[in-house]
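Colleague: sequence and predicted structure, then a few things I'm wondering about:
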2 protein chains.
Amino acid sequence: MNDLIYPSPDDAENAFYDAFERADLRAMMKVWADDDSIVCIHPMGPSLHGRQAVEESWRHVFNGGVPMRLAISDGERTHEQALSIHIVHENIRYGQDYSGHTVVLATNVYKLTASGWRMIVHHASPTGVPRDQPPDTDKLH
Amino acid sequence: MNDLIYPSPDDAENAFYDAFERADLRAMMKVWADDDSIVCIHPMGPSLHGRQAVEESWRHVFNGGVPMRLAISDGERTHEQALSIHIVHENIRYGQDYSGHTVVLATNVYKLTASGWRMIVHHASPTGVPRDQPPDTDKLH
């Protein structure tokens, strides 16, 4: 397994969030599978399909230039032979003094490819309510 | 395979959206796996874990009493032996004359269990922009 870039889904996930925090586009795109069926959904954004659209979106995010610190927690995991699904809270501190705070929910899917575990899906969405509180489902869905 | 309730992931997905549209809680909970690791995320809501929390949330949704019609489109699928991941647009028309319209993005994960394919993850989130438009990623992530 020494020739695999990311020997486990956790290695791929760590590389993903490391690239995200460092705003490193090249490292970010190394995590994503070399596959045009990859899908990335940023909070409130559309579904982006394929490496070109995904790379363009991250370039846009990183060009924003907002310093941030990411802490990942509460992972729920489902693992099969060649697929691994992680649902995580992204606890994001941002701004010049990191005083801004937001929590994003993400479903991340990793796939075992010929070159190790790679990300194939990142679905991130805002959480409108504090963690562990019931959702306001009086509204539609 | 005749003893399986949902012989394919598509059968489970069709049953899920049928139960959703009909606001049928019993049918809805039949689609979900009998497993406390199931996760449901409603738009802007927290991650709900386990059958009890998931059922309670759908009861809340269905008690809202808003008539709706659902059309599912643009599925991206990744399939392994016992896991199937579908990313879909939920085109929702709602209200007494179905004049309201919203589009929700959902990542649905189905697992092959001893009793057929069942849902284990539903991550739904609002789309803040028209489909096929670039996201406003000048903002943070």
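Modeller: Structure received.
Colleague: from here on, contacts and neighbour counts on C-alpha atoms
Modeller: OK.
Colleague: residue contacts, the spatially most central residue of chain A?
Modeller: Among the residues of chain A, the one closest to the centroid is A:H122, at 4.8 Å (CA atoms, centre = their mean). When contacts are counted by CA atoms under 8 Å, 6 or more residues apart in numbering or on different chains, A:H122 touches A:V39, A:C40, A:I41, A:H42, A:A106, A:T107, A:N108, A:V109.
Colleague: ok, these vs A:G50, which is closest?
Modeller: The nearest member of these to A:G50, counting by CA to CA, is A:V39 at 6.5 Å.
Colleague: still on that earlier bit, would you check which of the contacts of A:H122 are in contact with chain B?
Modeller: Of the residues in the contacts of A:H122, proximity to chain B by CA under 8 Å from any CA of the partner chain holds for A:H42, A:T107.
Colleague: kindly indicate which of the contacts of A:H122 lies nearest chain B.
Modeller: Checking these against chain B with CA to the nearest CA, the nearest one is A:H42 at 6.4 Å.
Colleague: now for the closest one, how many residues are close by?
Modeller: 25 (other CA atoms under 10 Å in any protein chain shown).
Colleague: OK, contacts around the residue lying closest to it once chain neighbours are set aside?
Modeller: Excluding its sequence neighbours, the residue lying closest to A:H42 (CA to CA, 6 or more residues apart in numbering or on different chains) is A:A124, at 5.2 Å. Contact partners of A:A124, counting by CA under 8 Å, 6+ apart, are A:I41, A:H42, A:P43, A:V104, A:L105, A:A106, A:T107.
Colleague: just checking, A:A124 is part of a helix?
Modeller: No - when classified by DSSP: H, G, I helix; E, B strand; the rest coil, A:A124 is found to be strand rather than part of a helix.
Colleague: gap between it and B:H123?
Modeller: 9 Å (CA to CA, to the nearest Å).
Colleague: what helices and strands are in contact with the helix or strand of chain A with the lowest mean pLDDT?
Modeller: Using mean pLDDT, DSSP states H and E, strand A:68-79 stands out as the lowest-scoring helix or strand of chain A, at a mean of 87. With contacts defined as 3 or more CA pairs under 8 Å, 6 or more residues apart in numbering or on different chains; DSSP states H and E, strand A:68-79 has these neighbours: helix A:9-22, strand A:83-94.
Colleague: among these, which is the most enclosed?
Modeller: Mean neighbours per residue, mean count of other CA atoms under 10 Å in any protein chain shown, is largest over the helices and strands packed on strand A:68-79 for strand A:83-94, with a mean of 21.
Colleague: quick one, that one and strand B:68-79 angle?
Modeller: On the basis of axes from the mean of the first three to the mean of the last three CA atoms, to 10 degrees, strand A:83-94 is oriented at 110 degrees to strand B:68-79.
Colleague: span of stretch A:70-86 from start to end?
Modeller: 16 Å.
Colleague: buried sites along it?
Modeller: Within stretch A:70-86, the residues scored as buried using 16 or more other CA atoms under 10 Å in any protein chain shown are A:L70, A:I72, A:E76, A:T78, A:L83, A:S84, A:I85, A:H86.
Colleague: again with stretch A:41-52
Modeller: Neighbour-count burial for stretch A:41-52 [16+ other CA under 10 Å]: A:I41, A:H42, A:P43, A:M44, A:G45, A:P46, A:S47, A:L48, A:H49, A:G50, A:R51.
Colleague: farthest-separated two in these?
Modeller: The widest separation within the buried residues of stretch A:41-52 (CA to CA) is 19.7 Å, between A:M44 and A:R51.
Colleague: show me what the spatially closest residue to A:D74 that is not a sequence neighbour is bridged to.
Modeller: Nearest non-adjacent residue to A:D74, counting by CA to CA, 6+ apart: A:V88, 5.6 Å away. Per DSSP bridges, the residues bridged to A:V88 are A:A106.
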